[in-house]
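Visitor: requesting a structural model of the entry that follows:
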Amino acid sequence: MDCASEGNERRPPALDVGFIPVVPPHPSRVEPWRLKKAPYRRRNEIERLFRRLKGLRCIFSRLDRSDLVCIAFSYFALIVAARRE
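Guide: Numbers count the residues shown, from 1 in each chain. Okay, the predicted model is just below:
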């Protein structure tokens, strides 16, 4: 869920399932809700991590011949991403 899909038709089903939507309200919304900044920052960190992992896809696609190599590279990429921060 992002700011473009924060409408009334998507928020209640997410709450019913048990998700906590961490999306800022659209600026033109008549009754905006209060944004919790700490979960929103954590969400941003996770999105940036996945963006970095997608950048390594060209290396990853050559190594996915076996499950062991795939898992090993995933761990390696996560370690590299953690050390950069």
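
Visitor: measure P32 to V22 for me?
Guide: 14 Å (CB to CB, to the nearest Å). Quick note: C-beta positions are derived from backbone N, CA and C, even for glycine.

Visitor: looking at those two, which one has more neighbours?
Guide: V22 (16 against 12; other CB atoms under 10 Å).

Visitor: and stretch 23-35, C-alpha only, in CSV?
Guide: Only the C-alpha atoms of stretch 23-35 are listed here, as CSV (Å, rounded to 0.1, in the frame of the first residue of the first chain):
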residue,chain,number,x,y,z
VAL,A,23,0.8,5.1,4.6
PRO,A,24,0.6,8.8,4.8
PRO,A,25,-2.8,10.3,4.0
HIS,A,26,-3.2,12.1,0.7
PRO,A,27,-2.7,15.8,1.1
SER,A,28,-6.1,16.7,-0.3
ARG,A,29,-8.0,14.3,2.1
VAL,A,30,-10.8,16.0,4.0
GLU,A,31,-10.3,13.9,7.2
PRO,A,32,-6.6,12.7,7.3
TRP,A,33,-5.4,10.2,9.9
ARG,A,34,-2.4,10.7,12.0
LEU,A,35,0.8,9.2,10.5
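
Visitor: now it: how far from the chain's centre is it?
Guide: Relative to its parent chain, stretch 23-35 has a centroid offset of 20 Å by CA atoms, centre = their mean, to the nearest Å.

Visitor: over to stretch 34-44?
Guide: On CA atoms, centre = their mean, the centre of stretch 34-44 falls 12 Å from that of its chain.

Visitor: how about it: buried residues?
Guide: Applying a neighbour-count criterion of 16 or more other CB atoms under 10 Å, one finds nothing buried in stretch 34-44.
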